[in-house]
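> Predicted model and sequence below, questions to follow.
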Amino acid sequence: MLPLRYPWVWLSLGWLLVLSVIVGSLVPGDMLRAVTISDKIMHAGSYFVLMTWFAGMYRRSRHPLVAAVLLGLGIALDMIQGTTQTRSFELLDIGADAAGILAGLLLSIWLLEGWCLRLERLLVPGA
């Protein structure tokens, strides 16, 4: 992890994001009917946010590990969805997860590595 002044804040918020993806993936499908965004865009967007969030806390050398763990999460959640009566296993969902992770990984390598540290230094003098 990068030498963050408030790592517990960043980790807590990151785990809340992970929890929200888990809950959103496992709630009954009929509860999500009000959402008008494409399912695949939601998958890609969610995993893009997770990838860029955690890339902000870790050095570039850790980003592939973060990406692998997130892809594992996406696969596991889709497999669990396949065991429910209101959701289903879809390879396209995993593909959308992977696309979001890849986009987040590339953006993190190119521009966003350590964004948490930069934000702390900007907002908290002496950080």
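Noted; the coordinates are in hand. Numbering: from 1, shown residues only.
> so where is this protein shaky, pLDDT-wise?
The chain contains residues with pLDDT under 70 at 30-35, 126-127.
> what ranges do the strands span in it?
With DSSP state E, there are no strands along the chain.
> Show me the helices in it, by range?
7-26, 39-55, 63-81, 91-107, 115-123 (DSSP state H).
> among those helices, which is the most enclosed?
helix 39-55 (a mean of 21; mean count of other CB atoms under 10 Å). Heads up, the C-betas are built off the backbone N, CA and C, glycines and all.
> got a list of contacts for it?
Residues outside helix 39-55 that contact it (CB atoms under 8 Å, 6 or more residues apart in numbering) are 13-14, 17-18, 21, 24, 35, 63, 66-67, 70, 74, 92-93, 96-101, 103-105, 107-108, 112-113, 115.
> Could you do stretch 112-125 as well?
2-6, 10, 52, 55-57, 59-60, 63, 127.
> In this protein, which residue is most central in space?
Most central in the chain under CA atoms, centre = their mean is residue 50, positioned 1.9 Å from the mean C-alpha point.
> Can you tell me how far it is from residue 94?
15 Å (CB to CB, to the nearest Å).
> One more: residue 70?
11 Å.
> do the same with residue 122
36 Å.
> Chain neighbours aside, what residue packs nearest to residue 60?
residue 113 (5.1 Å; CB to CB, 6 or more residues apart in numbering).
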